[in-house]
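**Student:** Sequence first, predicted model second:
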Amino acid sequence: MKVALDNHAGVIIGAYTPGELSLVVPRQAVGTGGKQTVQHSVILTSATLHASWSPMHFGELEDAHFTALHELDVDVVLFGTGERLQFPKPGIVAGFYSRGIGFETMDTAAACRTFNILVAEGRRVAAALLIR
């Protein structure tokens, strides 16, 4: 499923299929720029690609996996849970709310679409995406 045009200056998601993300990455984000395909879970902001996020499946998630997200300068975190919607423990969500960061949970395809829309609007957003 193609989810966006590739004419934006920030990191955007070009396509998502279970097990693979196609990203359009500006040179300043990772040094090389251009299209990049990843086959592992990632954390994205409009300006950065955190090349790998260790959990591959929802069942592997621990509270510690979300710690790095607390330090990002964003207003909202989109959590893509894979092919189907699953909800994290309430304590994980509360950790974001207590810091004034919004936290939205959705399946990964919806998170990809929403990320691109918010990036296009100039919003400070991060996406933590499980791709399997």
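**Tutor:** Noted; the coordinates are in hand.
**Student:** And the strands in this structure?
**Tutor:** 12-17, 20-25, 34-38, 42-45, 49-50, 76-80, 102-106, 125-129 (DSSP state E).
**Student:** most packed of those?
**Tutor:** strand 125-129 (a mean of 25; mean count of other C-beta atoms under 10 Å). For glycine as for every other residue, the C-beta is placed from the backbone atoms N, C-alpha and C.
**Student:** Which residues does that strand contact?
**Tutor:** By C-beta atoms under 8 Å, 6 or more residues apart in numbering, the residues outside strand 125-129 that reach it are 13, 21, 41-46, 53, 66, 69, 72, 74-80, 108, 111-112, 115, 118-119.
**Student:** re earlier: would you convert the strands of the chain into TSV that also reports mean pLDDT and distance to residue 91?
**Tutor:** Below are the strands of the chain laid out as TSV (pLDDT from 0 to 100; distance: least, C-beta to C-beta, whole Å):
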stretch	mean pLDDT	distance to residue 91
strand 12-17	94	28
strand 20-25	90	28
strand 34-38	88	28
strand 42-45	94	19
strand 49-50	81	23
strand 76-80	97	14
strand 102-106	98	12
strand 125-129	96	16
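**Student:** JSON lines please, covering the ones you listed and showing distance to residue 87.
**Tutor:** Compiled in JSON lines, these are given as follows (distance: least, C-beta to C-beta, whole Å):
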{"stretch": "strand 12-17", "distance to residue 87": "20"}
{"stretch": "strand 20-25", "distance to residue 87": "22"}
{"stretch": "strand 34-38", "distance to residue 87": "25"}
{"stretch": "strand 42-45", "distance to residue 87": "19"}
{"stretch": "strand 49-50", "distance to residue 87": "23"}
{"stretch": "strand 76-80", "distance to residue 87": "9"}
{"stretch": "strand 102-106", "distance to residue 87": "6"}
{"stretch": "strand 125-129", "distance to residue 87": "14"}
